[in-house]
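K.L.:
Need a 3D model of the sequence below.
(4 chains)
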Number of protein chains: 2
Amino acid sequence: MPEDRAPTRIQKKNRAAILDAALNVFSAHGFRGATVDQIAAEAGLSKPNLLYYFPSKEAIHTALLSGLLETWLAPLHDLDAQGDPMEEILAYIQRKLEMSRDLPRESRLFANELVQGAPRIHDSLSNDLKALVDEKTAILSDWMDQGRIARLHPYHLIFSIWALTQHYADFDVQVRAILGDEDPYEGAEPFVDTLYRKLLTP
Amino acid sequence: MPEDRAPTRIQKKNRAAILDAALNVFSAHGFRGATVDQIAAEAGLSKPNLLYYFPSKEAIHTALLSGLLETWLAPLHDLDAQGDPMEEILAYIQRKLEMSRDLPRESRLFANELVQGAPRIHDSLSNDLKALVDEKTAILSDWMDQGRIARLHPYHLIFSIWALTQHYADFDVQVRAILGDEDPYEGAEPFVDTLYRKLLTP
DNA sequence: TCTTGATTTGACCATCTGGTCAAACTCACG
DNA sequence: CGTGAGTTTGACCAGATGGTCAAATCAAGA
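P.N.:
From the prediction side, this is the model:
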């Protein structure tokens, strides 16, 4: 497939279809559990046709992960040092919870990768993610120094937000097995809101 | 292999070795990502030898999961309606955190299964787990009615405990990528303790 | 020690899976 | 139209993988 030229209409359509199908399959079965045939079928292509657009299964996975990492971290990026601490943090949590609800496949894609030791994104974690988290925890620490939010371990504060919000997407089956018909997010939203208001109030 | 007789010394040893090896491999790679050869090698057996003790890969996985489910739920089982609410809940959280630290493989085994939709333990979730959680949330609700702890959605309170504690085992790579050399559990313990004290105080 | 059941293994098989390739087909544009 | 680049596919391959089996080896009680 020609790499240098501008992508054709067909290329755009098929690449997008492949990535969407791959997101379905990888998020549901993990990298090893996904098969190229399955992704191709879901994208409405034959296997050789799919491999005309991406050189390998690994390449699809990589393209997906790196393409989505930015989306995934955007809410934390938006945490603004100039804003009101409590509002900023609660807005971040709110957005993370919405992402769990609206983009559960993306959440599970990363969860699958992480729980198996992140063999394919270890570098992104140690570099990009680490840098972003360091930048934002510095803001949190400032707010704590100023007495505007309670003093807490800033890294663990971030971990707790990730854990609490992504839990609903990653362990969706378990949550639904227990809640039955009740909508998880209806209860989750006020719960986490209350939790962090109490936790962060100095 | 004779099923009915009492297990011989060799049977006990090899079965245990297989289950331990399988726990290593399944927790690190998921069901599909694990190979029988890998498990056999780790257990110090040949593949046909391993299949002499368990009829299939699936059988090993099932044996592991059902054998560990009890261990995994024991801390919640111990939550005592007669005890002091705050102490009981904090002790539960403490035990869950210790399990994350001391039994990370078990945590990741379940995480792998759950994130992929729990195809092999769906029934246990809807039955055993659901029943246990219902029993214990009833106790939590009573405590809330009596004004001994803050009023919260009891199911989401449980979810939050699972999310916060298991996060450290399941997403260990990510946590360590961010914390660097710092021991995750050293900071996690006081953090979750503070969090739940603030949250649960009426 | 001998015998019998328990244990172990090398060789093997069918299927699945990621990936290749040459040939066929389709599309856009001059 | 005609043509060349872009697209699609059937047939195929090599290696991995779950599982089988008959034969060989071992262990323990009579």
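
K.L.:
Residue ranges in chain A under the pLDDT threshold?
P.N.:
With pLDDT under 70 as the threshold, chain A has low-confidence stretches at A:2-4.

K.L.:
try 80 this time
P.N.:
For chain A, the stretches with pLDDT under 80 are A:1-6.

K.L.:
near DNA strand D, which residues of it show up?
P.N.:
Applying CB under 7 Å from any atom of the strand, one finds that chain A approaches DNA strand D through A:1-2, A:5, A:8, A:10-11, A:14, A:45-49, A:52. The way it works is simple: take the backbone N, C-alpha and C, and place the C-beta from them, glycine included.

K.L.:
and which of those is nearest to chain B?
P.N.:
Of all the residues of chain A next to DNA strand D, A:Lys47 has the smallest distance to chain B: 18.6 Å, by CB to the nearest CB.

K.L.:
what's that closest one in contact with, if anything?
P.N.:
Listed by CB atoms under 8 Å, 6 or more residues apart in numbering or on different chains, the contact partners of A:Lys47 are A:Val36, A:Asp37, A:Ala40.

K.L.:
same check, this time on A:Asp123
P.N.:
Applying CB under 8 Å, 6+ apart, no residues contact A:Asp123.

K.L.:
before we move on, the earlier item: from the contacts of A:Lys47, which land in helices?
P.N.:
Here DSSP state H is the test, and the contacts of A:Lys47 give A:Val36, A:Asp37, A:Ala40 as lying in helices.

K.L.:
my read: the first one touches A:Leu51, true?
P.N.:
Yes - distance between A:Val36 and A:Leu51: 7.2 Å, which falls inside the contact criterion (CB atoms under 8 Å).

K.L.:
tell me which strands and helices the top helix by length along chain A is in contact with?
P.N.:
Across chain A, the helix with the greatest residue count (assigned by DSSP H) is helix A:9-33. Helix A:9-33 is packed against helix A:36-43, helix A:47-53, helix A:57-77, helix A:104-115, helix B:9-33, with contacts defined by 3 or more CB pairs under 8 Å, 6 or more residues apart in numbering or on different chains; DSSP states H and E.

K.L.:
ok, and which of the contacts of A:Lys47 reach DNA strand C?
P.N.:
Of the entries in the contacts of A:Lys47, the ones placed beside DNA strand C under the rule of CB under 7 Å from any atom of the strand are A:Val36, A:Asp37.

K.L.:
With A:Val36 as the reference, measure out to the residue in chain A that DNA strand D sits nearest to.
P.N.:
At 3.2 Å from DNA strand D, A:Pro48 is the closest residue in chain A, using CB to the nearest atom of the strand. Distance of A:Pro48 to A:Val36, given as CB to CB, to the nearest Å: 10 Å.

K.L.:
Counting neighbours around each, name which of the two comes out higher.
P.N.:
Just comparing A:Pro48 and A:Val36: by other CB atoms under 10 Å in any protein chain shown the higher neighbour count belongs to A:Val36, 17 against 9.

K.L.:
what sits against the more buried one?
P.N.:
If a contact means CB under 8 Å, 6+ apart, then A:Val36 has A:Lys47, A:Leu50, A:Leu51, A:Lys57 as its contacts.

K.L.:
In JSON lines, list those residues along with distance to A:Ala22.
P.N.:
Written out in JSON lines, the entries for those read as follows (distance: CB to CB, whole Å):
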{"residue": "A:Lys47", "distance to A:Ala22": "13"}
{"residue": "A:Leu50", "distance to A:Ala22": "9"}
{"residue": "A:Leu51", "distance to A:Ala22": "13"}
{"residue": "A:Lys57", "distance to A:Ala22": "9"}
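
K.L.:
who wins for most neighbours among the residues you listed?
P.N.:
With neighbours taken as other CB under 10 Å, the top of these is A:Leu50, carrying 23 neighbours.

K.L.:
you'd agree it is up against A:Ala43?
P.N.:
Yes - contact status for A:Leu50 versus A:Ala43: in contact at 6.5 Å, counting by CB under 8 Å.

K.L.:
so what's in contact with the two at the same time?
P.N.:
In terms of CB under 8 Å, 6+ apart, A:Leu50 and A:Ala43 are both contacted by the residues A:Ile18.

K.L.:
Good, wrapping up.
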